[in-house]
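Asker: coords please:
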Amino acid sequence: MGLRHTVTSGVFSGYRKRKDGQIFLQTDAAINPGNSGGPLIDENGFVYGVNTMILRGTEGIGFAIPIEKVYEEFSSSLF
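Answerer: Next comes the predicted model:
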């Protein structure tokens, strides 16, 4: 749609662990094609995760990768 610098609000629902051991942060913040990869932040600008995916067949159930995992996976590229 060409909308840049858009912010939505949402509720952090908790940590969810998949059967393979991966942990995700559940939120109802809007995550749509084209805006995944954005930060999941609090009102003070603290980054908790990177918005990644939604649960197919539902509305308003999204997930973010915890920021600690992002640093763990990409630390050699960041520093």
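Asker: where does residue 75 fall, helix, sheet strand or coil?
Answerer: Secondary structure of residue 75, reduced to three states by DSSP: H, G, I helix; E, B strand; the rest coil: helix.
Asker: Could you list the low-pLDDT ranges of the chain?
Answerer: Applying pLDDT under 70 to the predicted model, the residue ranges of the chain that meet it are 1-3, 78-79.
Asker: which parts of the longest strand seen in it are buried?
Answerer: The longest strand of the chain (DSSP state E) is strand 47-54. Of the residues in strand 47-54, those buried under the neighbour-count criterion (16 or more other Cβ atoms under 10 Å) are 48-52, 54. (C-beta placed from N, C-alpha, C; glycine too.)
Asker: and if you look at stretch 59-76?
Answerer: Of the residues in stretch 59-76, those buried (16+ other Cβ under 10 Å) are 61-67, 69-70.
Asker: how about the strands in the chain?
Answerer: Using DSSP E, the strands found in the chain span residues 12-17, 23-27, 39-41, 47-54, 62-66.
Asker: In JSON lines: these, plus distance to residue 33.
Answerer: Written out in JSON lines, the entries for those read as follows (distance: least, Cβ to Cβ, whole Å):
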{"stretch": "strand 12-17", "distance to residue 33": "21"}
{"stretch": "strand 23-27", "distance to residue 33": "17"}
{"stretch": "strand 39-41", "distance to residue 33": "17"}
{"stretch": "strand 47-54", "distance to residue 33": "9"}
{"stretch": "strand 62-66", "distance to residue 33": "12"}
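Asker: which one of those lies closest to residue 4?
Answerer: For residue 4, the closest of the strands of the chain is strand 39-41, at 15.2 Å, according to Cβ to Cβ.
Asker: Now do the closest one: distance to the chain's middle.
Answerer: Distance of strand 39-41 from its chain centroid, counting by Cα atoms, centre = their mean, to the nearest Å, is 6 Å.
Asker: Ok, stretch 50-64 next?
Answerer: Remark: stretch 50-64 is offset 8 Å from the chain centroid, using Cα atoms, centre = their mean.
Asker: Kindly check the end-to-end length of that stretch for me.
Answerer: Length of stretch 50-64, first residue to last, Cα to Cα, to the nearest Å: 5 Å.
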